[in-house]
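turn this into a structure:
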Amino acid sequence: MSMPMDRLRPAICAVVFASIPLLCFQCAYADDTSAGVMLPGLRSEPAGSVAVSAASLRLQAGRIEATLEVTVRRGQASSVVIRTPRFGWLGEAEPYPDRQFPELQILVGGAPARTESTFAAFAGSADVTAAIRAAGFDPFAIADTPPFVTPGAGDAPAVGTLERLGAVEQSDGNYIAKWTAQRKVKVALSPSSHTLTLKYMARPGFALLRFDQMSSSAYLAKYCLSAHDLVRALGPAAATRMFVVSDYAIPLSIDDRSPPSLSVAVYGPGKEEAQEYLIAFCGADGKAVIGQAADIKALARPDAKGVIRIWSCMPPPSRR
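Numbers count the residues shown, from 1 in each chain. This next block holds a predicted model:
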């Protein structure tokens with residue numbers, strides 16, 4: 001079963017993704033904290049058949065554009081694959097219900113890639129992929145609130161199987177989806193060099209924190225920051241303030257291999273808000289790239305698996 005790449009669900013409010021600071025405010029006031037959702041890094045099939053020579057990242061208005069310069073070994077047909085996190089319905093307050101990244105776009109050489117999109121679904125440890133397909137259910141209805149599904153022209157015994165396994169539950173003539181699902185997206189690549197671009201919405205972790213909660217050395221080390229950096233950037237009054245803090249964890253790798261070079265461009269809010277908005281990440285020299293300017297561009301250092309972490313903070317609206 002193929003899932004369209006450009007399919008968007010109303011469960012994600014477009015306003016939430018209008019800008020980076022608005023994203024933080026909306027989420028923090030809805031649920032004060034979230035671990036966020038990271039789109040996993042790419043895998044090559046067969047393993048090791050695709051290498052990354054350079055990578056670049058553009059983060060603007062809550063949208064990610066990750067570009068990889070890749071080479072496929074000569075004489076070897078290959079593919080790159082993304083397996084999204086397995087997820088189920090977590091309730092109406094879930095800030096990121098569409099964890100299959102339905103808006104994901106993949107480009108090869110600047111043109112839309114030919115992709116193969118499939119799913120796997122589970123009820124506990126039982127694989128119910130075939131039963132959901134036979135029943136005619138949308139496997140990603142679990143991103144909706146409420147997660148209702150209605151049998152189409154599907155197989156009635158399959159619906160019974162799903163009910164017996166606890167994957168669905170009857171409710172007012174419909175069914176509530178209770179399974180978990182995972183999406184797999186596959187792109188075939190010819191033996192050559194390619195520019196591979198992924199475009200999708202950011203789903204950062206976020207929290208409303210006191211200065212002392214975000215100034216520990218263990219917390220700040222992920223961004224090559226220190227408490228001294230924060231005091232210097234935010235001023236001594238920061239010690240008594242609250243901040244809306246976001247953490248973007250963005251992989252730019254294939255097979256968990258860090259790219260030899262990485263350039264990052266983060267476009268923040270307008271200049272009138274620059275003094276209230278702080279962005280930071282690890283630079284290529286191992287020191288923090290930190291600033292309050294509207295736009296920040298620099299070479300960066302991802303972690304050993306090619307994940308770059310970008311940190312941002314702003315005072316909540318009531319404190320500004």
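
right, and the helix or strand after the helix or strand of the chain with the lowest mean pLDDT?
Least confident helix or strand of the chain, by mean pLDDT, DSSP states H and E, is helix 20-31 with a mean of 42. Sequence order places strand 33-34 as the next helix or strand after helix 20-31, per DSSP states H and E.

ok, residue 295 to residue 266 distance?
7 Å (CB to CB, to the nearest Å). Quick note: C-beta positions are derived from backbone N, CA and C, even for glycine.

those two: which has the busier surroundings?
Applying other CB atoms under 10 Å to residue 295 and residue 266 shows that residue 266 carries more neighbours, namely 24 against 13.

thought residue 105 was touching residue 187?
No. The criterion here is CB atoms under 8 Å, and residue 105 misses it with residue 187 at 11.4 Å.

tell me which of the two has more neighbours.
Set residue 105 next to residue 187 and count neighbours by other CB under 10 Å: residue 187 wins out with 20 against 15.

quickly list what that one is bridged to.
Under DSSP bridges, the beta-bridge partners of residue 187 are residue 80, residue 115.

that one reaches residue 117, doesn't it?
No. Contact criterion CB under 8 Å: residue 187 and residue 117 do not qualify, at 10.1 Å.

name the element residue 219 belongs to?
Per DSSP H and E: helix 217-220 holds residue 219.

correction: the previous question concerned residue 93.
Applying DSSP H and E, one finds residue 93 in no helix or strand.

what number of residues lie near it?
Considering only other CB under 10 Å, residue 93 is surrounded by 10 other residues.

got a pLDDT number for residue 130?
Confidence at residue 130, expressed as pLDDT, is 96.

regarding residue 159, what is its secondary structure?
Secondary structure assignment for residue 159 (DSSP: H, G, I helix; E, B strand; the rest coil): helix.

and the helices in this structure?
Taking DSSP state H as the criterion, the chain contains helices spanning 20-31, 129-135, 156-164, 211-214, 217-220, 227-234.

turn those helices into TSV, including mean neighbour count.
As requested, the helices of the chain are exported to TSV (neighbours: other CB atoms under 10 Å):
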stretch	mean neighbour count
helix 20-31	20
helix 129-135	20
helix 156-164	17
helix 211-214	15
helix 217-220	12
helix 227-234	16
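
which one of the ones you listed lies closest to residue 305?
helix 217-220 (19.0 Å; CB to CB).

what's next to that closest one, contact-wise?
Counting by CB atoms under 8 Å, 6 or more residues apart in numbering, helix 217-220 makes contact with 214, 226, 227, 229, 230, all of which sit outside it.

can you put those in CSV and add distance to residue 129?
As requested, the contacts of helix 217-220 are exported to CSV (distance: CB to CB, whole Å):
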residue, distance to residue 129
214, 42
226, 48
227, 49
229, 48
230, 47
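
now flag whichever of those is closest to residue 313.
residue 214 (7.2 Å).

the closest one contacts residue 243, doesn't it?
Yes. Applying CB under 8 Å, one finds residue 214 in contact with residue 243, separated by 6.7 Å.

find residues that contact each of these two.
Contacts common to residue 214 and residue 243, judged by CB under 8 Å, 6+ apart, are residue 313.

could the contacts of helix 217-220 go into CSV alongside distance to residue 162 and pLDDT?
Formatted as CSV, the contacts of helix 217-220 follow (distance: CB to CB, whole Å; pLDDT from 0 to 100):
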residue, distance to residue 162, pLDDT
214, 45, 91
226, 53, 94
227, 53, 92
229, 53, 92
230, 51, 90
